[in-house]
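>>> Model the structure of this input:
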Amino acid sequence: MEKCTRPGCPGYIEDGFCNVDGLAPEPAPPPGAAPAPGQAPGHGRAPGTPGPASASGAGPASGQAQHAAPGFAHGQGPGMASGSAHGQGSGVSPGPGRGPGVASGSGQGASSGWASGGPQGAAPGSPSVPAQGGYPTGSPYVPPPAPPSGAGSSGVSGRTGGTAGTGSGRTASGRTASGRSARTGRTGSTGSSRRGMLGAGLVEVPPVPYRDPATAIMRNPEVPENRRFCSVDGEPVGRSRNGRPGRTEGYCPKCGHAFSFTPKLQPGELVGGQYEVLGALAHGGLGWVYLARDKNVSDSWRVLKGLLDSGDADAMQAAAAERAYLAQVDHPNIVKIYNFVQHPDPGTGELVGYIVMEYVGGESLKDILSQRRKEQGETATLPLTQVIAYGIEVLRAMGYLHSRGLLYCDFKPDNAIQSEEQLKLIDLGGVRRIDDDDSPIFGTVGYQAPEIGSEGTSVTSDLFTVARTLAVLSFPFRGYTGKYATTLPPRHEVPLLMRHESYYRFLLRATHPEPGDRFQDAAEMAEQLTGVLREVLAAEDGRPRPAPSTLFGPEQSTAGTEIATDAAAGDAVLPPLHVRAAAAALPAPQVSGSDPAAGFLAGLTARDPADLAAALAAAPVASPEVSMMLVRVRIELGALDEAGALIQELDATHPDDWRLDWYQGLQMLAGGDCAEAVAIFDDIYNLMPGEMPPKLALAFAHECGGNLPAAAFFYDMVARTDPTYVSAAFGAARVRLAMGDRAAALQVLDSVPRISTHHVAAQLAAVSAAVRGRRPAELSPHELAMAGRRLGVLRLDAERSGWFTAEVLEAALGWALEHRQPGPEVLGAPMAEDPLRRRLEETYRGLARLADDPEARLRLVDRANAVRPRTLW
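I've put the predicted structure just below:
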């Protein structure tokens, strides 16, 4: 079907006219023409500017030059009181003081059935096994057992509020501030294509074909008996008895309320004098959904959504709310409403309202999972990268709703439809305003946050539903509507969660039982989820996915990149980590642009800690950012007590700033208190599972404390995902060598990019790691030749080249003396005793000529004489 070429129109050409705007198509623009206004999706993102004084949110970090998701905004608002959701699934609870919650409807939302007519399967779940890339992944580190889902972490520092900027909170002091300034705002249609932002430019999500609406009509539209419940008391109605099928219309035997599960509209009926009904598409918790043609707009496809039970006052109110809210919503990831019409009920003659909305021809996330289970078995799930891509897209829409002062309330896999490469939220019947204390609350057991019954809905309860959906889609989540209705299952029972540490921590925070300890807005949550996606992708295919952070700057310097000399460290290639150097190398949190001294700090050019301390002392204004930078400078200078005192002063005035925990962790690391540093950095990792710096800090702290498997685990995680953190690659190699895994160390060192200023150092470390400290019997001709080839391609000064050449040739000579058999050439010398001796003699004499110290020169000459071939003259 040909797409309409009119700018901004999502329609298709049928019989020479667009099925949306009813107009003839415009000529296609010439190749290379600029897109029409409104066709370029996305919205520029302001850089993160954390700080105690800043506010709002920003889009997710999704690439080196990505834009923020359209419509991301900070969502705030008090929780609303409500009753509890009914146990049958999708339910409605009255507002405060209205008594116990009662289920409304059949236990379904208006699922993708209205878009695809597909089967209504069970909830999603089963692990995707990642393919192993070329980076070493066999760290013996086993993550420590985590607390039960939602339980706090170690609580050592635990600032667990928003990380969208810099002010997040300690558990004890309730840090919940955010600190990032960002561009938000309303966005309209992204143009005529159904290509969306699905995948955030990082992962390809298999497109779902646009479904011909005529094929989606239900042949036998009826509500299954096991989903028929009274809308007043929740009792089962319309059930089979004594071999006779249940009635689709009648009265509840307990309360006498009338029920009807029969479609009110029949094919051929004209609704509102404009919409010709073709048939039923699906049935959901709030009503029947029908396919129709708009006779006023060239027979374009439309969807009509009515009420399942017109006697249900709550359902009627929800339908009216959906009409009102949808009319003001304009976002590419949310279904579009066109009209609201009324039509007489065939039984009573009373007017029934119908929402007219766009037809989204695709499949719901629930149906996509159901189909996968049919093909691969009942425990099959979607690939984790695909699930995360869905989550990022849903959060885009959630952020938009929250910025409009609205809460979605009842998100679940049924309520998001993928059509081609775009994802849309449907079924906005549960939407309510953030400040609404009276409207009924709709939710679904297994997805709804635990505090809904006592505290009501909030931005964080909305985000809870998104995280629960991701969990249900990504692993076989048995008991998610019962035993684990608001918690995660034990981690050791879920292989996927054992493999992906950051994803697990992301789910833990997003589903925390305390709303204040969850992500505080959709932008913050999406940003961390995007970071987790990069990490998962890198783990699966071995390809790095670097990206700048909006919370941290780059590495201040590098730690542990020096190569040890033979005399200095015996057989060690990389010397032990120096903790103060490690603390100084870790990235610094971003400076808040709203701080009065931000301009002054940005203009500082001094790099020496003493010079920086002097410059900060002369700052034109005393500000939190000046004090925080001074904390770091004092740590680098070794004035740890002074740094600690300043942290305490800042904590008294800015208790909601997570950066104080970061600096306290640096203080502990620099002082050698490794256990305390691990606890602090672990809390920060829980807070921001998509960020690399906390993982690098954990690697340093674990190595400092002697836990080499844990250090290797976190070094690998960082180096594999973002090679620009060079300290991680050298750290991974250092601990792998200490653990006896030489091959993995070489693999890590090879991951340092050629464009890095540390590439040569990494290759020299690999040369030494291949031969240093090894007996001739442990070496192979291939390893020696490879070390020579590594060294031969590097452009080194004569002295450095000479020393590494001598090291490789000495190892080759040892092998030749023991094996007495020919081998491949090493650095231009055949692997036989005499040629290697001549090459070594030449190398040592060259080094002697370069030596400035007479004693060193004499030692080199003596060594040259010692290795020269024996002759008769």
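>>> what about R863, which SS state?
helix (DSSP: H, G, I helix; E, B strand; the rest coil).
>>> Enumerate every residue touching it.
Y844 (Cβ atoms under 8 Å, 6 or more residues apart in numbering). Every residue, glycine included, has its C-beta placed from N, CA and C.
>>> Point out where the protein drops to low pLDDT.
Scanning the chain for pLDDT under 70 picks out 1-196, 284-286, 307-326, 566-570, 871-873.
>>> what about the residue positioned nearest the centre of it, which helix or strand?
By Cα atoms, centre = their mean, the chain has its centre lying nearest to L529, at 1.6 Å. Element membership of L529 [criterion: DSSP states H and E] is helix 522-541.
>>> What of A282?
According to DSSP H and E, A282 maps onto strand 275-284.
>>> and that strand, what does it pack onto?
The contact analysis (3 or more Cβ pairs under 8 Å, 6 or more residues apart in numbering; DSSP states H and E) places strand 275-284 against helix 113-116, strand 270-271, strand 287-294, strand 300-305.
>>> out of these, deepest packed?
Across the helices and strands packed on strand 275-284, averaging neighbours per residue (mean count of other Cβ atoms under 10 Å) puts helix 113-116 on top, at a mean of 28.
>>> Output stretch 479-495 as PDB, restricted to C-alpha atoms.
Presented in PDB, the C-alpha positions along stretch 479-495 are these (Å, rounded to 0.1, in the frame of the first residue of the first chain):
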ATOM      1  CA  GLY A 479       4.000 -16.000  40.200                       C
ATOM      2  CA  TYR A 480       4.100 -12.400  39.000                       C
ATOM      3  CA  THR A 481       0.400 -12.000  39.800                       C
ATOM      4  CA  GLY A 482       0.600 -13.900  43.000                       C
ATOM      5  CA  LYS A 483       3.600 -14.600  45.200                       C
ATOM      6  CA  TYR A 484       5.700 -11.900  43.400                       C
ATOM      7  CA  ALA A 485       2.900  -9.500  42.600                       C
ATOM      8  CA  THR A 486       5.000  -6.500  43.600                       C
ATOM      9  CA  THR A 487       8.500  -8.000  44.000                       C
ATOM     10  CA  LEU A 488      11.000  -9.700  41.900                       C
ATOM     11  CA  PRO A 489      11.700 -13.500  42.200                       C
ATOM     12  CA  PRO A 490      14.900 -14.600  43.800                       C
ATOM     13  CA  ARG A 491      17.800 -13.700  41.500                       C
ATOM     14  CA  HIS A 492      19.400 -17.100  41.500                       C
ATOM     15  CA  GLU A 493      16.200 -18.500  40.000                       C
ATOM     16  CA  VAL A 494      16.400 -16.300  36.900                       C
ATOM     17  CA  PRO A 495      19.400 -16.900  34.700                       C
END
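>>> Report the buried residues of the longest helix along the chain.
The longest helix of the chain (DSSP state H) is helix 798-819. In terms of neighbour count (16 or more other Cβ atoms under 10 Å), helix 798-819 has its buried residues at 801-816.
>>> Next SSE downstream of that helix?
By DSSP H and E, the next helix or strand past helix 798-819 is helix 833-850.
>>> now the angle from that next one to helix 798-819?
Using axes from the mean of the first three to the mean of the last three Cα atoms, to 10 degrees, the direction of helix 833-850 lies 160 degrees away from that of helix 798-819.
>>> List of residues touching helix 833-850?
798-799, 802-803, 805-806, 809-810, 812-813, 816-817, 826-830, 857, 860-861, 863-865, 867-869.
>>> buried residues in that helix?
Across helix 833-850, burial judged by 16+ other Cβ under 10 Å covers 835-837, 839-848.
>>> what's the closest of those to R372?
The nearest member of these to R372, counting by Cβ to Cβ, is L836 at 60.6 Å.
>>> show me what contacts the spatially closest residue to the closest one that is not a sequence neighbour?
Sequence neighbours aside, L813 is the residue nearest to L836 in space, at 4.5 Å (criterion: Cβ to Cβ, 6 or more residues apart in numbering). Taking Cβ under 8 Å, 6+ apart as the contact definition, L813 lies against E833, L836, R837, L840, V867.
>>> Could I get these in CSV, plus columns for distance to C674?
What follows is the contacts of L813, written out as CSV (distance: Cβ to Cβ, whole Å):
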residue, distance to C674
E833, 48
L836, 45
R837, 47
L840, 43
V867, 44
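>>> now, which of those residues sits nearest Q376?
Ranked by distance to Q376 (Cβ to Cβ), the contacts of L813 are led by L836 at 58.2 Å.
>>> For G814, see how far away the closest one is.
Distance of L836 to G814, given as Cβ to Cβ, to the nearest Å: 9 Å.
>>> cool, L847 as well?
L847 sits 19 Å away from G814, going by Cβ to Cβ.
>>> in the stretch 351-500 of the chain, which spans are helices?
365-376, 384-403, 452-455, 459-474, 495-499 (DSSP state H, counting those that start in this stretch).
>>> Using a markdown table, lay out the ones you listed together with mean neighbour count and distance to W662.
Shown next, in a markdown table, are the helices of the stretch 351-500 of the chain (neighbours: other Cβ atoms under 10 Å; distance: least, Cβ to Cβ, whole Å):
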| stretch | mean neighbour count | distance to W662 |
| --- | --- | --- |
| helix 365-376 | 20 | 37 |
| helix 384-403 | 27 | 25 |
| helix 452-455 | 18 | 31 |
| helix 459-474 | 27 | 23 |
| helix 495-499 | 18 | 26 |
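>>> Could you export the ones you listed as TSV, including distance to P694?
Output for the helices of the stretch 351-500 of the chain, formatted as TSV (distance: least, Cβ to Cβ, whole Å):
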stretch	distance to P694
helix 365-376	31
helix 384-403	19
helix 452-455	30
helix 459-474	20
helix 495-499	19
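>>> among these, which is nearest L779?
Among the helices of the stretch 351-500 of the chain, helix 495-499 comes nearest to L779, with 35.3 Å by Cβ to Cβ.
>>> Give me the packing partners of whichever helix or strand comes after the closest one, helices and strands only.
Moving toward the C-terminus from helix 495-499, the next helix or strand (DSSP H and E) is helix 501-510. The contact analysis (3+ Cβ pairs under 8 Å, 6+ apart) places helix 501-510 against helix 459-474, helix 495-499, helix 522-541, helix 674-687, helix 708-721.
>>> Turn these into a markdown table, columns for distance to Q266.
What follows is those, written out as a markdown table (distance: least, Cβ to Cβ, whole Å):
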| stretch | distance to Q266 |
| --- | --- |
| helix 459-474 | 35 |
| helix 495-499 | 47 |
| helix 522-541 | 41 |
| helix 674-687 | 56 |
| helix 708-721 | 57 |
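>>> mind checking which of these is nearest S756?
Nearest to S756, of all the helices and strands packed on helix 501-510, is helix 708-721, at 11.6 Å by Cβ to Cβ.
>>> Output the contacting helices and strands for that closest one.
On a contact count with 3+ Cβ pairs under 8 Å, 6+ apart, helix 708-721 meets helix 501-510, helix 522-541, helix 693-704, helix 726-738, helix 742-750.
>>> Now render those as CSV, adding distance to M717.
Listed next are the helices and strands packed on helix 708-721 as CSV, based on distance: least, Cβ to Cβ, whole Å:
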stretch, distance to M717
helix 501-510, 7
helix 522-541, 7
helix 693-704, 5
helix 726-738, 8
helix 742-750, 12
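>>> With respect to Y338, which of these lies nearest?
Closest to Y338 of these, according to Cβ to Cβ: helix 522-541, at 26.4 Å.
>>> orientation of that closest one relative to helix 708-721 in degrees?
Going by the same axes, to 10 degrees, helix 522-541 makes 100 degrees with helix 708-721.
>>> what sits against A583?
Applying Cβ under 8 Å, 6+ apart, we find A583 in contact with I635, E636, L666, Q667, L669, A670, F700.
>>> The nearest residue to it once chain neighbours are set aside: neighbouring residues, count only.
Distances taken as Cβ to Cβ, 6+ apart put A670 closest to A583, at 3.9 Å, once the chain neighbours are dropped. Neighbourhood size, A670 [other Cβ atoms under 10 Å]: 26.
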